[in-house]
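**Q** test case, fold it:
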Amino acid sequence: MPTLFRWSFGLLLCGSLLAPNPSSWAGPRPRYALDGHERPVALLRTGKATYLVTQRSVFRLEGKQLVRKYRGSAPIQCAAAADTVLWLGTHQGLLGLNTRTFGAHPLALPGPEAAPNITAVFRDLRGALWVGANGYGAFRWANGAFAPELGVASINGGVATTDSSVWVATSVGLNRKRGAEWIRYNEEGVGNREIPDNIVEKLLPDNAGNLWVVMSDAICVFEAGGTRGEAELPTVRFLGRPGNELYGVASVRGEGRLFATGMGLLLLPNEPADRLTSFDAPATDKVAPARLLRPVPAPAGAANPVLLQVDDHQRLWLVSEAEVVVLTTKEFHRLAAGLAKPAGGTAKL
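**A** Presented below is the predicted three-dimensional model:
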């Protein structure tokens, strides 16, 4: 086991997996039904408009309804928003969707295939559009054309973070661009640039500035500010139980870090310090005491969400295949307050 990493086997659940009865949470709150039961891809905002992108559709929030504005044939895998266009990455190329007419137009990438499998679409802090095409690499829009940026074929995702870094997930490691320099993190990394697994499946930035790196056999987090250094990345093998898929992460003020997973919502409660100390473990195989994850029930009648987002008003948006539920900070506090307390002496990482 690499000595550079502070490993823990996983964050386990405290108490019973049965969530407390949320019947007292049956009061009115914003709920927006979602037609089609398609898997959500992205919740986007541009100006005063809110858009939900699903596997084959784009909805706009109009009053108390999510109204479908576009439906395509190719599955949508990723999306980004600009002022008057939504960029949709599909299995059959990149589309620009005009937010006034909702007409879609393809945008070709350089290379032998004009409409490849798009696995990443995002904008950096300067507003430049980045696109990742599986089999062809990563490209950046500059001076009216796409320019190649990273010649790695196996692109699995990409994001930009608030420190102006650009991150690209691949099946041979994690790539980060800071300024003009590309940095690579992988299992064989040198100079404290090591991660536990080369297969980086997804990148999940949260609203606190942290970047969660989901790999085939581990999850680690690059904390905002990077005060610990990259030799001490908080890392776990799993959340809740082995094989539990992580969909999204949000930092909820006054409560902790909330994870949307295949097991449902899981809360990692706050500690007095801001650092993610619960992810730490000694550089040995010993299982050490630490805080436990707590299951959080979905609001009454709601399905388990696969997207989480905290907006500028600190409201929590929970997006499932059936609907979107919006909770104020106070509402979520009340929901979390009904959770069972950790059983004494059973907290383990």
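
**Q** gap between the two ends of stretch 315-327?
**A** 6 Å (CA to CA, to the nearest Å).

**Q** how about it: buried residues?
**A** For stretch 315-327, a neighbour-count test (16 or more other CB atoms under 10 Å) marks Leu316, Trp317, Leu318, Val319, Ser320, Glu321, Ala322, Glu323, Val324, Val325, Val326, Leu327 as buried. Heads up, the C-betas are built off the backbone N, CA and C, glycines and all.

**Q** check what pLDDT Ala114 gets.
**A** As predicted, Ala114 sits at a pLDDT of 81.

**Q** could you find the closest non-adjacent residue to it?
**A** Leaving aside its sequence neighbours, Ala114 sits nearest to Ala108 (CB to CB, 6 or more residues apart in numbering; 4.0 Å).

**Q** for the stretch 201-349 of the chain, give me the ranges with low pLDDT.
**A** 226-231, 271-291, 338-349 (pLDDT under 70).

**Q** which residues of it fall in helices?
**A** 329-337 (DSSP state H, counting those that start in this stretch).

**Q** neighbouring strands - and their directions - for the helix or strand hosting Thr119?
**A** When secondary structure is defined by DSSP states H and E, Thr119 falls within strand 118-123. Strand 118-123 has these partner strands in its sheet, going by DSSP bridges: strand 129-133 (antiparallel).

**Q** and the strand it pairs with, how far out from the chain's middle?
**A** 17 Å (CA atoms, centre = their mean, to the nearest Å).

**Q** in CSV, could you pull the C-alpha coordinates for it?
**A** This file holds the C-alpha atoms of strand 129-133, laid out as CSV (Å, rounded to 0.1, in the frame of the first residue of the first chain):
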residue,chain,number,x,y,z
LEU,A,129,-15.6,26.1,-23.7
TRP,A,130,-13.9,22.7,-23.1
VAL,A,131,-15.0,19.5,-24.7
GLY,A,132,-13.7,15.9,-24.1
ALA,A,133,-14.3,13.3,-26.8
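
**Q** got any ranges where the stretch 1-150 of the chain has weak pLDDT?
**A** Residues of the stretch 1-150 of the chain that meet the cut-off, pLDDT under 70, sit at 1-29.

**Q** no further questions, thank you.
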